[in-house]
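Engineer: When you get a sec, could you give me coordinates for this:
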Amino acid sequence: MKLKGNFTYLGLETIKGKKDPNKTFYNLSLLQDTDVVKVFLDEESVKKITDNKLSQMDKLICELKISIGQKTFVSLETVQKIA
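Structural biologist: Alright, predicted model coming up:
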């Protein structure tokens, strides 16, 4: 299932792996009304964020892919800054 919506960019968090300190994980924080959405990103998705040169509180249109099963996964498909 895909969801397209307007969000406010809160920031990108870099997390070092606990078991393997050489591995890096990324966490994207988005705000929609009063709800915070956290999306774990891979390297390709991080590039989508850094290429847009986003600043905190920038308005965005994001398309998220939501996979529901035993675990629910949310991934970033597209991101576009609203001028």
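
Engineer: What helix or strand is the residue nearest to the spatial centre of the chain located in?
Structural biologist: When the chain is reduced to its mean C-alpha position, the closest residue under CA atoms, centre = their mean turns out to be Leu28, at 3.6 Å. Following DSSP states H and E, the helix or strand that holds Leu28 is strand 24-32.

Engineer: if we can go back for a sec, give the helix, strand or coil label for the residue lying closest to the residue nearest to the centre of the chain once chain neighbours are set aside.
Structural biologist: Once flanking residues are discounted, Leu28 sits nearest to Val39: 4.5 Å by CB to CB, 6 or more residues apart in numbering. C-beta here means a position set from N, CA and C on the backbone, and glycine is covered the same way. Judged by DSSP: H, G, I helix; E, B strand; the rest coil, the three-state class of Val39 is strand.

Engineer: how close does the residue lying closest to Lys16 once chain neighbours are set aside sit to Lys48?
Structural biologist: Computed as CB to CB, 6+ apart, the closest residue to Lys16 that is not its neighbour in sequence is Thr24, at 6.2 Å. If you measure Thr24 against Lys48 using CB to CB, to the nearest Å, the figure is 16 Å.
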